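*Asks:* can't give you the sequence, but here's the structure:
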């Protein structure tokens, strides 16, 4: 159906997009970062059919980004919580958010303000070098393939 | 054709995905960060039809992420270079890369190593608070809608 899978490419960007790159999936993740946990909360937020939402939630659970946990016994009800692996997508979500805020917000300005509870600052996604602590411009970095792109 | 446009949602994440969220678009951006500039370079890297690649490049030019610049006069030939706005997607690309490296690389390990030229460190995508300088965990941040989601 989908032709070549992104995961067939020997690239971590492609593989990650094979998990989260389908339409709506990253918006489900966005909602989870915004505190939504229950199916009805996601359904209210996203203008998609319930079966699509179910499929997206299942993909995220299958790949360990959300955990499906019971919150009620009779009848049994579940909620979806970000795992540690899910929270590691925070730079991607904040990166997409800040790009839209800067380039697509229009006259009305950014719709959502994210605030660091501890100090009131507004968090930013950045690429940082853990060794020297500097913010890294893409032109100051080099990429090197460790594994040949040609496979046997 | 596509039903509801993501840009109809009052959210900067959704609007950004409406620009870069189509299949292959972020891999074109990845290739641009990896130094690819010419149509044939992108075509060699991505296993997609040439008309799809043309459409993706046009979308990126239209939204100011890539600039189409002549590099030869007769016959006229163009190359595609990241703009300043395009380079602002670096945290998104590195964020996707590092998530894949951590969770999907398998036994062979990460295929690509990114190095900070200045010091040899390996850049990371992080969410940082510009006021206090701390790295921000999603649970240490709060979101507040500045514009009502309900429009008239």
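*Replies:* Cool, got the structure. Everything numeric here is computed off the predicted structure, so don't read it as measured data.
*Asks:* ranges for the strands of chain A?
*Replies:* A:66-72, A:77-82, A:112-116, A:124-128, A:141-145 (DSSP state E).
*Asks:* tell me the buried residues in the least confident helix or strand in chain A by mean pLDDT?
*Replies:* Ranked by mean pLDDT, DSSP states H and E, the weakest helix or strand in chain A is strand A:141-145, scoring a mean of 91. Residues of strand A:141-145 classed as buried by neighbour count (16 or more other C-beta atoms under 10 Å in any protein chain shown): residue A:141. For the C-beta atoms, the positions are set from N, CA and C on the backbone; glycine is no exception.
*Asks:* and it, which strands flank it?
*Replies:* For strand A:141-145, the pairing partners within the sheet under DSSP bridges are strand B:112-116 (antiparallel).
*Asks:* and the strands of chain A, which is most packed in?
*Replies:* Comparing the strands of chain A by mean neighbour count (mean count of other C-beta atoms under 10 Å in any protein chain shown), strand A:124-128 ranks first with a mean of 23.
*Asks:* does that one reach chain B?
*Replies:* Yes - counting by C-beta under 8 Å from any C-beta of the partner chain, chain B has neighbours in strand A:124-128: A:124, A:125, A:126, A:127, A:128.
*Asks:* residues contacting the second one?
*Replies:* When contacts are counted by C-beta atoms under 8 Å, 6 or more residues apart in numbering or on different chains, residue A:125 is found next to A:91-92, A:94-95, A:97-98, B:91-92, B:95, B:125-128.
*Asks:* for the residues you listed, which one is nearest residue A:63?
*Replies:* residue A:92 (14.0 Å; C-beta to C-beta).
*Asks:* ok so, going back, which one of the contacts of residue A:125 is nearest residue A:25?
*Replies:* Out of the contacts of residue A:125, the member with the shortest distance to residue A:25 (by C-beta to C-beta) is residue A:92, at 11.4 Å.
*Asks:* which residues does the closest one contact?
*Replies:* A:20, A:26, A:125, B:91, B:92, B:95, B:96, B:99, B:125 are the contacts of residue A:92 under C-beta under 8 Å, 6+ apart.
*Asks:* mind putting those residues into TSV with distance to residue B:139 and pLDDT?
*Replies:* Formatted as TSV, the contacts of residue A:92 follow (distance: C-beta to C-beta, whole Å; pLDDT from 0 to 100):
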residue	distance to residue B:139	pLDDT
A:20	20	95
A:26	19	97
A:125	17	98
B:91	20	98
B:92	21	98
B:95	18	98
B:96	22	97
B:99	18	97
B:125	18	98
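*Asks:* mind listing which of these are in helices?
*Replies:* A:20, A:26, B:91, B:92, B:95, B:96, B:99 (DSSP state H).
*Asks:* and the third one, how far from residue A:93?
*Replies:* What that stands for is residue B:91. Counting by C-beta to C-beta, to the nearest Å, the gap from residue B:91 to residue A:93 is 10 Å.
*Asks:* number of nearby residues for the closest residue to residue A:16 other than its chain neighbours?
*Replies:* Spatial nearest neighbour of residue A:16, chain neighbours left out: residue B:100 (4.0 Å); criterion: C-beta to C-beta, 6 or more residues apart in numbering or on different chains. Applying other C-beta atoms under 10 Å in any protein chain shown, we find 24 residues neighbouring residue B:100.
*Asks:* surely residue B:100 touches residue A:20?
*Replies:* No - applying C-beta atoms under 8 Å as the test, residue B:100 and residue A:20 come out as separate, 9.9 Å apart.
*Asks:* do I have it right that residue A:83 meets residue A:65?
*Replies:* Yes - counting by C-beta under 8 Å, residue A:83 does reach residue A:65; the two are 6.3 Å apart.
*Asks:* of the two, who's got more company?
*Replies:* Per other C-beta under 10 Å, whichever of residue A:83 and residue A:65 has more neighbours is residue A:65, with 26 against 16.
*Asks:* ok, that one touching residue A:19?
*Replies:* Yes - with contacts counted by C-beta under 8 Å, residue A:65 reaches residue A:19, the gap being 7.5 Å.
*Asks:* find residues that contact each of those two.
*Replies:* Counting by C-beta under 8 Å, 6+ apart, nothing touches both residue A:65 and residue A:19.
*Asks:* residue A:13: what's it in contact with?
*Replies:* Contacts of residue A:13 (C-beta under 8 Å, 6+ apart): B:26, B:27, B:30, B:93, B:96, B:97, B:100.
*Asks:* number of nearby residues for residue A:120?
*Replies:* 10.
*Asks:* let me fix that: residue A:38
*Replies:* 13.
*Asks:* now it: how far from residue A:71?
*Replies:* In terms of C-beta to C-beta, residue A:38 sits 8 Å off from residue A:71.
*Asks:* can you pull the residues that touch both of those two?
*Replies:* A:77, A:79.
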